[in-house]
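**Student:** Model the structure of this input:
(one chain, ligands or ions: 1)
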Amino acid sequence: MNDTRPTSSAALPHGEALLHDPLLNKGTAFTPTERRALGLTGLLPPHVHRLEEQVARVMDNYRSKQTDLERYIHLVSLQDRNETLFYRVVVDHIEEMMPIIYTPTVGQACQQWGHLFRRSRGLYVSWEDRGHVEAVLRNWPQQDVRVIVVTDGERILGLGDQGVGGMGIPVGKLSLYTACAGIDPSRTLPIMLDVGTENEGYLRDPLYLGLRQKRIRGEPYDAFVAEFAEAVQRVFPRALLQFEDFGNQNAFRLLEQWRDRICTFNDDIQGTAAVTLAGLYSALRLTGKTLREQTVLFLGAGEAGIGIGSLVASAMVDEGAAPEEARRRCCFVDSHGLVVKSRAGLAEHKLRFAHDLPPAADFQAALEAVRPTAIVGVSTVPRAFDRRVIETMSRMNERPVIFALSNPTSRSECSAEDAYRWSGGKAIFASGSPFPPCHLDGRTFVPGQGNNSYIFPGVGLGVVACRARLVTDRMFSAAARTLAGLVLPSDLELGRIYPSLTRIREVSAHIGAAVAEVAFRDGLAGVARPPDLLSMVQASMWQPVYREYA
Ligand code: NAI
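**Tutor:** I've put the predicted structure just below:
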């Protein structure tokens, strides 16, 4: 998937049309020769800027904005004008910009989608299009799409049903695929499946942009998604289809329905799982223990929790554990207490982790009963890991593993500082939202952030580079092991169990190679195996640099 942008003046649009094509536009960086050859003379101010100078101008403007939402709007309109410059800016300032182009700021953008709307990006496939979905997909101007992110907007971040405003998520996520892993932006496609919304506020808002009806559910919904997934196979046969932010009741079912049939995965379930498993592997580098020796107690049994439990169990099986033993080492507490066999009416996705244990009404009681080595918070319940929980974990374990993954920061099960302070500096901590470094008894601790962006871009890159037919759990386990292996000893010394985000393109390339390795080993790759997978993956990465037009 090398850079597919045309460079010869015969193949390029001319004049205004070129300036309005964000994939080809260079703005003031067009050289005098290019301006003459491409009918641009006079359409731009005379001085020619280099890309670096344009980046400096963008940053000046960016830093003068007062709010994150204004910064988001600034960046998105740059993306609409000049994608090369947009990606150069984002790649060079990835730590600063990731919270703007993705969570948490993108959440505000989703909530105000109808009010902020300027220029459409991606495809909106609505319930009204049923029976003609293939024709809608064929309206997309690029034919060779490699990565699609699709949502139906029902469970956007921690914000619930955003209806058609959920489109901010596929758009932002695909920007991260390009920024973090060099997926060619012209080969990406964000899609919104509009099946209505339960959000009364939007249904009453005159500026709301989606269908004004309650969500379609049940068999008609499944048939619509099936029509869509099958149409994608015909129109974009080489595309990876990533499901994103679907409601719980649909996400698990759709994943099970499609994962063995088409090239697809669900990042909320599998991506979160891999980044957490990577955190556990890093923690093991500090404790010197094996994964099979771990017992993980989760607070929260939703998409994130069950996804993590499933991948951890499958990684334990890869290490030689029996499937039943591996599942027993993952226990869950939900809003009704410990998930146990004797509980009636358990949701389908919790059943495989319902163990033969006595009931426990709350997390503390479950902690005493299960005696875990690691606790993982994915419940959205702030301060659920209180002093007693952390002191109990520290009594049971020399180095207790404490992951408080709920987002945003206000929902975190505990803060980094509380985890370090109450454990006397023994905790191995990671969070979903970033926490600043902590200073305790003369030591500095740098908390790791279990950001899905460490995993999904690299997985997508590997899948696309080797044209994998399916995306498997083994690929996610390999991605997790690779990510943990890239954490430097200097990171671990500070307690940081993930690499710095500034290394994300290097991280994604290595994950891509590891994923491709699994695809070749398991007979899932669609190309001949090259001698060096890392070089193959690196060569396929799109770079945000201008190409010379002649
Ligand atoms: P979800 O809505 O699918 O699941 C939430 C779970 O928490 C449900 O099982 C619910 O029963 C449980 N819960 C709610 N109140 C509870 C209580 N009082 N006690 C015990 N359990 C309770 O949500 P999902 O997707 O699983 O996400 C959960 C959290 O994890 C969110 O805050 C999300 O932002 C975060 N997350 C973090 C990621 C990361 O750090 N990389 C990635 C994905 C999610």
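**Student:** what are the pairing partners of the helix or strand where Thr444 lies, and which direction each?
**Tutor:** For Thr444, the element it lies in under DSSP states H and E is strand 443-445. Here strand 443-445 is paired, per DSSP bridges, with strand 438-440 (antiparallel).
**Student:** what's in contact with the partner strand?
**Tutor:** If you take CB atoms under 8 Å, 6 or more residues apart in numbering as the criterion, strand 438-440 is touched by Ala416, Glu417, Tyr420, Arg421, Gly425, Thr444, Phe445, Pro447. (Each C-beta comes from the backbone N, C-alpha and C, glycine too.)
**Student:** What are the buried residues along it?
**Tutor:** Going by neighbour count (16 or more other CB atoms under 10 Å), the buried part of strand 438-440 is Cys438.
**Student:** Give me the average confidence score over it.
**Tutor:** Averaged over strand 438-440, pLDDT sits at 95.
**Student:** Same check on stretch 512-521?
**Tutor:** On average, the pLDDT along stretch 512-521 is 98.
**Student:** Tell me the residues on the chain that lie near the ligand, please.
**Tutor:** Applying CB under 6 Å from any ligand atom, we find that the chain lies next to the ligand at 158, 248, 268, 272, 275, 299-305, 333-335, 378-381, 405-407, 411, 432, 450-452.
**Student:** check contacts around the closest residue to the ligand within the chain.
**Tutor:** Among the residues of the chain, Gly302 lies closest to the ligand, at 1.8 Å counting by CB to the nearest ligand atom. With contacts defined as CB under 8 Å, 6+ apart, Gly302 is in contact with Asn248, Val378.
**Student:** Could you rerun that using 10 Å?
**Tutor:** Contact criterion CB atoms under 10 Å, 6 or more residues apart in numbering gives 155, 248, 251-252, 268-269, 332, 334, 347, 349-350, 378-380 as the residues in contact with Gly302.
**Student:** you'd agree Leu43 is up against Leu18?
**Tutor:** Yes: with contact defined as CB atoms under 10 Å, Leu43 reaches Leu18; the gap is 9.0 Å.
**Student:** For those two, indicate the residue with more neighbours.
**Tutor:** When neighbours are counted by other CB atoms under 10 Å, Leu18 comes out ahead of the other of Leu43 and Leu18, with 20 against 13.
**Student:** what helix or strand is that one on?
**Tutor:** For Leu18, the host element (DSSP H and E) is helix 15-19.
**Student:** Can you name the next helix or strand after that helix?
**Tutor:** Moving toward the C-terminus from helix 15-19, the first helix or strand encountered (DSSP H and E) is helix 32-37.
**Student:** pLDDT (mean, whole number) over that next one?
**Tutor:** According to the model, helix 32-37 has a mean pLDDT of 96.
**Student:** Buried ones in that helix, by neighbour count?
**Tutor:** For helix 32-37, the buried set under the neighbour-count rule, 16+ other CB under 10 Å, comprises Glu34, Arg35, Ala37.
**Student:** follow-up on the earlier one: show the buried residues in the contacts of strand 438-440.
**Tutor:** When neighbours are counted using 16+ other CB under 10 Å, the contacts of strand 438-440 contain these buried positions: Ala416, Glu417, Tyr420, Arg421, Phe445, Pro447.
**Student:** can you put these in CSV and add secondary structure and pLDDT?
**Tutor:** What follows is these, written out as CSV (DSSP: H, G, I helix; E, B strand; the rest coil; pLDDT from 0 to 100):
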residue, secondary structure, pLDDT
Ala416, helix, 97
Glu417, helix, 97
Tyr420, helix, 97
Arg421, helix, 97
Phe445, strand, 96
Pro447, coil, 96
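**Student:** now, the most widely separated pair of these?
**Tutor:** Across those, the two members that end up farthest from each other (CB to CB) are Arg421 and Pro447, 12.5 Å apart.
**Student:** Give me the common contacts of those two.
**Tutor:** By CB under 10 Å, 6+ apart, Arg421 and Pro447 have these common neighbours: Ser415, Ala427, Cys438.
**Student:** and the residue nearest to the second one when sequence neighbours are not counted, how many neighbours?
**Tutor:** Looking back up the chat, that one is Ala427. Leaving out its chain neighbours, the residue that sits closest to Ala427 by CB to CB, 6 or more residues apart in numbering is Ala419, at 4.4 Å. Burial of Ala419 is recorded as 32 neighbouring residues (other CB under 10 Å).
**Student:** ok now do Ala419, which residues does it touch?
**Tutor:** Remark: with contacts taken as CB under 10 Å, 6+ apart, Ala419 is in contact with 385, 389-390, 393-394, 400, 402-404, 412-413, 425-431, 435, 438, 445, 447, 495.
**Student:** and if you look at Arg50?
**Tutor:** For Arg50, the residues meeting the contact criterion (CB under 10 Å, 6+ apart) are Thr28, Ala29, Ala56, Tyr546.
**Student:** quick one on the thing from earlier: which residues sit against the strand holding Thr444?
**Tutor:** 416-417, 419-421, 425, 427-429, 435, 437-439, 493-496.
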